[in-house]
Structure formats: structure tokens, C-alpha cells
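> Everything below, folded, please.
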Amino acid sequence: MGYENRHSFRDGRIVLYTRNNKPTYHARLSIEGHGRYVIESTKQKSLDLARKWAEDRYEDLRYKVRHGQQIRTHTFASLWRRWHDANRSVLGPHRLKYIVGTANRYLLPFFGDRSVDLITEKTVEDYWTWRIAFWSSEDGRAKIATASKTRTTHKRPYKQKLGNVAQSPSQKSLSMEGTVLGQIFRSAERHGMMQRVPQIIVPQVKVGKGVDRRPAFDRDEWRALKSYLDKWIDEGASDKRKGPHSLHRWQRRIIRSYVVFLTGSGLRPNEARQLRWRDYHWHEAEGDEPRVWVHVAPTTKTGERDVVLMQDAVDALAELQELQGNPSEDELIFADQRGAPVQNLRKDVQEGFDGRRPTHRPVCEGAHDLLPPSHLCDLSSSIPRSGCRRFGKKHGHLPTHHL
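Below is the predicted model:
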């Protein structure tokens, strides 16, 4: 249907009209330097009020065109899509995975349909309030409950990991999310999609000073856990009706080897999951003890390096070789029965560890059994995330008879 009640102003650059026998006026604006018409509803039924709205809108759009700004009103979701398309080829796989996960879990649900012109410091403050309380809210608890009931299928072989989320986010998590949000906003400003970037102030979620100690096992606890794992891999196997079937027993052996390997190597979980059999090296010089090490990939958080293994880790790798049936050097060390990388061990391990991590601490403890004190500082510099100072801060609270 054509224009109804058509009125033209500014030599035809502003045209007001109604349509479909409805009284609301629409505006068709022709902006110098912009190749297409801008058509928007004035939301006014009075011609005078519609003309005033159209005149103001026309001047706003002229200003944007003269200053190289985009005249289309963008939402946060459109900012995110453009930023993702522009940066996904230049980001590392792990950084990209983190940013996409953060956007899908938090940024898009909160900011998604908001116009960027309406995102202010107050909006960002409201986001932090929502974000900190999210997993304790009704919506957050419902998501966790839904994820815990999901079952693996052929198309989706891994369970969702929402069982691992913290009820209250750490300061580091919020800081990283603030960095991502700032990157998206500043990119939008550079491309004329956002006139002003709101100040992003990450709230402090912890009060007081001091070191956030990492929970750790003492020697007796580690020995008890290892003894249990040795028995657990075949526990209930004699009961063919209710006991674990062959796949479960195979998975238990993988988990046992995974835990023991992390303990004897000090690697991060992601570093261990990227290892392939070609990264496993063995050297035995005449008259010396065998030297066994793994080469950590450059795509990990701490970068490329060689890590010497303790005997427990060597034994775990030998068990995995037997379990996988002499795998080729290109196969992953920690893989499922189809050779795909394992994805869901972390949750199983954390449930059994009561939130404590097997990495770093047992390696340090074992080192004190093997090395004199003068060599411990050299060792600490090779442990992930540790120089001597950080090593002391994270593990200095442990009793001296364990160190």
C-alpha cells in the first residue's frame, strides 16, 4: 500500500506519512553522504509532533554521517557478532573458547537486546550485581539442575559442566569478564558503532588482605587417595548385574591414571589433555638414572616447555599405553575409546577431591624427599604459575615436616 497523508519537508529530505489506515506517522529520511533512506516510526499521531521528532532525528543522523559514525542503532548482540567475526581468526583456541563461553553465559543474556546508546555506567553496575548473584538465583539453580540431568548421546557425548560453577565468582573471574566487555566496547567505539564507552569498574568481592591459599593434600591424605584409587578401578566388577560394566571400568582406569599423572608431573589439566604420545620422551645414559619427560604444547597457558616426570607419572603413562594397546605417536595420551580428547574428567576428579587440586602440591612434597633445600628454589621456578615468591605464598602455610 502507498503512502497515506504524505507530507514533505526540507526539499524532500524528510517525508512523513501514515500507512495501513493507521494514524501513526512514519518518517523517511534522506541523509547527505548516506546512500540509503532511513525509515523509522515517529510513534506520534500528531503531524506537528511527528515533524519535530523527524527534524531532531535528521540532525542527529547528519552529525553521525559527518563524523564517520554509523547511523544504525546497534544492540550489544550486534556488537558481539561483529567483534567475534573480526577476532576469531586471530585469537588462540583457548582464549576464544573462554570469551565465547563468557558471552553466551553472561554477557548476551544480560546486555543482548539493549541498545548500545543506552548502556551507561549504571547499566554496567547492574550487570555486576546480576552476575555475582546469578548462580545463587532461581534461574542459575534451574540451569544447574537441568545440566545435571542431561545424558550423553552419540551426537553429544559429553555432559554439560555447569556442576563446576562457583556459587560466588572469584575476583579474577570478574576481572577477566570486565576485560572482555571493555574489548568489545572499545572496538565498537573505534568503528563508530558506539559514541562513548562506559567506565567499567569491577567490584571487589573479597574483603581483607592476605593470600588466598590453595587447598592441598598432606602426604597421608594423598597415600589414602592413591590406595583407594587402586581398589576402586575394579570395585564391584564381580557383580555382573549391578557392578560397573567394561566401559565404566575402562573409564575408572583412565581417571586413576589421570589423577596419578597430574600428581607426578605438576601439569595443569588442560596441559595434560593436550599431550600426545610423541611428547613423551625417555633417555637413559650409561651409569645414570633414566630421565623421563614430556614436552608441553605452546598452546597452553604457561607456554612450551619440557617437564621432568616423577616415577608415579611414568607408571601412569605405562598403564595408559597398555590400556590403549600400543597407541601411535600422534594419538592423545588422555583420550576416550574413539581417540577423541577427554572432556569431562574434571568434574569427576573434583567430586572425589572435595575441591582440592592434585597438581603442584604433591610434586613439591615429593621434591623435598628427593632434593636438598638448596635446590628447592630452582625446582619452584619450573613449577607452573610459580616463581620462588609465589611458590612460598601458595605453599608456605604447609607444615614444615611436609616440606
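
> elements contacting the strand or helix carrying residue 59?
Residue 59 is part of helix 47-66, with elements assigned from DSSP states H and E. With contacts defined as 3 or more CB pairs under 8 Å, 6 or more residues apart in numbering; DSSP states H and E, the packing partners of helix 47-66 are strand 4-9, strand 14-18, strand 26-29. Backbone N, C-alpha and C define where each C-beta goes, glycine included.

> Within the sheet, what are the partner strands of the first one, with directions?
I take that to be strand 4-9. Paired neighbours of strand 4-9 in the sheet (DSSP bridges): strand 14-18 (antiparallel).

> what comes up buried for the helix holding residue 59?
Within helix 47-66, the residues scored as buried using 16 or more other CB atoms under 10 Å are 50, 51, 53, 54, 57, 58, 61, 62, 64.

> any chance of those in JSON lines, plus distance to residue 241 and pLDDT?
Formatted as JSON lines, these follow (distance: CB to CB, whole Å; pLDDT from 0 to 100):
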{"residue": "50", "distance to residue 241": "78", "pLDDT": "93"}
{"residue": "51", "distance to residue 241": "82", "pLDDT": "93"}
{"residue": "53", "distance to residue 241": "76", "pLDDT": "92"}
{"residue": "54", "distance to residue 241": "78", "pLDDT": "91"}
{"residue": "57", "distance to residue 241": "74", "pLDDT": "86"}
{"residue": "58", "distance to residue 241": "79", "pLDDT": "87"}
{"residue": "61", "distance to residue 241": "74", "pLDDT": "82"}
{"residue": "62", "distance to residue 241": "79", "pLDDT": "86"}
{"residue": "64", "distance to residue 241": "72", "pLDDT": "75"}
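
> care to break this structure down by domain?
4-66, 76-190, 219-402 (automatic domain parsing).

> I'd like those laid out as CSV, including distance to residue 197.
Output for the domains of the chain, formatted as CSV (distance: least, CB to CB, whole Å):
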stretch, distance to residue 197
domain 4-66, 17
domain 76-190, 4
domain 219-402, 28
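
> The ones you listed: lowest mean pLDDT?
Among those, domain 219-402 carries the lowest mean pLDDT, a mean of 71.

> re earlier: give me the angle between the helix holding residue 59 and strand 14-18.
140 degrees (axes from the mean of the first three to the mean of the last three CA atoms, to 10 degrees).

> one step back: of the helices and strands packed on helix 47-66, which stretch is the most buried?
strand 26-29 (a mean of 20; mean count of other CB atoms under 10 Å).

> Contacts for that one next, please.
For strand 26-29, contacts defined as CB atoms under 8 Å, 6 or more residues apart in numbering pick out 13-19, 37-42, 50, 53-54, 57-58, 61.

> nearest to residue 78, of the buried residues of helix 47-66?
residue 64 (16.1 Å; CB to CB).

> Can you name the residues bridging to residue 308?
Applying DSSP bridges, one finds that residue 308 bridges with residue 293.

> what about residue 322, neighbour count?
Applying other CB atoms under 10 Å, we find 10 residues neighbouring residue 322.

> do the same with residue 89
If we define neighbours as other CB under 10 Å, then residue 89 has 7 of them.

> One more: residue 265?
27.

> How about it: what's its closest non-neighbour residue?
residue 313 (4.5 Å; CB to CB, 6 or more residues apart in numbering).

> Over to residue 44. Which of the three states is it?
coil (DSSP: H, G, I helix; E, B strand; the rest coil).

> which residues touch it?
If you count contacts by CB under 8 Å, 6+ apart, then residue 44 has 24, 25, 50, 53 around it.

> tell me which of those residues is nearest to residue 232?
residue 24 (70.4 Å).

> What distance do you get for the residue nearest the centre of the chain to residue 267?
The centroid of the chain falls nearest to residue 98 when counting by CA atoms, centre = their mean (2.8 Å). For residue 98, the distance to residue 267 (CB to CB, to the nearest Å) stands at 19 Å.

> closest one to residue 330 among the helices and strands packed on helix 47-66?
Nearest of the helices and strands packed on helix 47-66 (CB to CB): strand 26-29, 60.7 Å.

> Can you list the neighbours in contact with stretch 304-314?
Contacts for stretch 304-314 (CB under 8 Å, 6+ apart): 260-261, 263-267, 281, 291-298, 317, 363, 366, 382.

> Please apply the same query to stretch 127-136.
106, 110-111, 140-141, 144, 165-169, 174, 177, 202-203, 205.

> Which of the residues you listed ranks first by neighbour count?
residue 177 (23 neighbours).

> How about the contacts made by it?
102, 106, 107, 131, 202.

> name the element it belongs to?
Applying DSSP H and E, one finds residue 177 within helix 171-190.
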